[in-house]
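J.: What would the 3D arrangement of this be:
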Amino acid sequence: MIKHLFPTDRSKPGRRKPSGKTKPGRKRNVINRLIERDMIHKISYDEYSNKVRSLYDGPKGAMLKTFSALSGHEQLGERLIRERRFDVSDARQLLDVGSGAGQIMRHLLKFSHPSANIVGFDLSAGMLRRARQRIKTDRPALLATNVLHLPFRDEVFDCVTCGYVLEHLPDANAGLAELCRVMQPGGRMLLFATEDNLGGAWTSRMWGCRTYNREELLAGAASVGLHLTKELWFTKMHKVLRAGGICVELQKQS
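T.: Residues are numbered from 1 along each chain as shown. Below is the predicted model:
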């Protein structure tokens, strides 16, 4: 049962900071700029969200499980949690942001406490159906909703995983502020984001998303109350090469 997660008055989900539309302030590499798609800043957010929902509801979304396996991200993400570099074993209220095809959800089910309450959401109802088929259990509650307008009351979750969702927001701070709102003081977040490098530019081309500068993203997170506790790397080689995108643990101020 997850009724305790929602506010008594559903019309008042809690405090949210404005989700102003901002453009990235950094100068990008010329090649990256040519490859990366900038659709998110050229159309309204509502129109963009509809395009994203349609993309993930369709054939590309159906192939996401295969893409994740071929890239190795799913296996490497499991290793982070299995080795407790991001520890979910003590969490009791977990939120999986942008659950997609259930890539991270599978790890949470496997490595969290058996009595932990797990909730996942995604913009795409089609992806949630694929996630449910994949995890083969009714244990996690799955909701179709937008990260900018979460239906949960304040300070519910002590653990949040957010895998490649901020790329679909014109302003990362708006999404991070909303996630911070629903996190308990001291709660931790595992955040994956697409970095503004050549690999990230190709990801942008494939999925119609944007990329983020690491320093700017972390500064924005700190500005809404989520502070870096550690940078995470899939392997030592990823750290040496500064590859694999942005992977960090953030914590809400107590």
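J.: those strands in the stretch 151-254 of the chain, which residues are they?
T.: Here the stretch 151-254 of the chain has its strands, by DSSP state E, counting those that start in this stretch, at 157-163, 183-193, 226-231, 246-252.
J.: Need those strands in TSV (columns: distance to Leu218).
T.: In this view, the C-beta of every residue, glycine as well, is placed from N, C-alpha and C. Formatted as TSV, the strands of the stretch 151-254 of the chain follow (distance: least, CB to CB, whole Å):
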stretch	distance to Leu218
strand 157-163	14
strand 183-193	9
strand 226-231	5
strand 246-252	7
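J.: Let me know which of these is the nearest to Met39.
T.: Ranking those by proximity to Met39 (CB to CB) places strand 183-193 first, at 17.8 Å.
J.: Which neighbours in the sheet does the closest one have, and how are they oriented?
T.: Using DSSP bridges, the strands paired with strand 183-193 are strand 157-163 (parallel), strand 246-252 (antiparallel).
J.: Quick one: work out the angle between the last one and strand 226-231.
T.: Angle, strand 246-252 to strand 226-231, by axes from the mean of the first three to the mean of the last three CA atoms, to 10 degrees: 130 degrees.
J.: contacting residues for Asn29?
T.: 197-198 (CB atoms under 8 Å, 6 or more residues apart in numbering).
J.: Kindly state the pLDDT recorded for it?
T.: Looking at Asn29, its pLDDT reads 75.
J.: Please apply the same query to the one 10 residues further on.
T.: Predicted confidence (pLDDT) at Met39: the value is 90.
J.: how near is it to Pro7?
T.: Counting by CB to CB, to the nearest Å, the gap from Met39 to Pro7 is 34 Å.
J.: circling back: deepest of the strands of the stretch 151-254 of the chain, which one?
T.: With neighbours defined as mean count of other CB atoms under 10 Å, the strands of the stretch 151-254 of the chain peak in mean count at strand 157-163, which reaches a mean of 24.
J.: can you give me how far it is from the chain middle?
T.: 8 Å (CA atoms, centre = their mean, to the nearest Å).
J.: would you list every one of the helices in the stretch 1-150 of the chain?
T.: Taking DSSP state H, counting those that start in this stretch to define them, one finds helices in the stretch 1-150 of the chain at 30-35, 45-57, 59-62, 64-71, 73-82, 103-111, 125-135.
J.: Could you dump those into a markdown table with mean neighbour count and distance to Phe234 added?
T.: Converted to a markdown table, the helices of the stretch 1-150 of the chain look like this (neighbours: other CB atoms under 10 Å; distance: least, CB to CB, whole Å):
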| stretch | mean neighbour count | distance to Phe234 |
| --- | --- | --- |
| helix 30-35 | 12 | 21 |
| helix 45-57 | 16 | 24 |
| helix 59-62 | 14 | 24 |
| helix 64-71 | 14 | 11 |
| helix 73-82 | 17 | 4 |
| helix 103-111 | 22 | 14 |
| helix 125-135 | 18 | 22 |
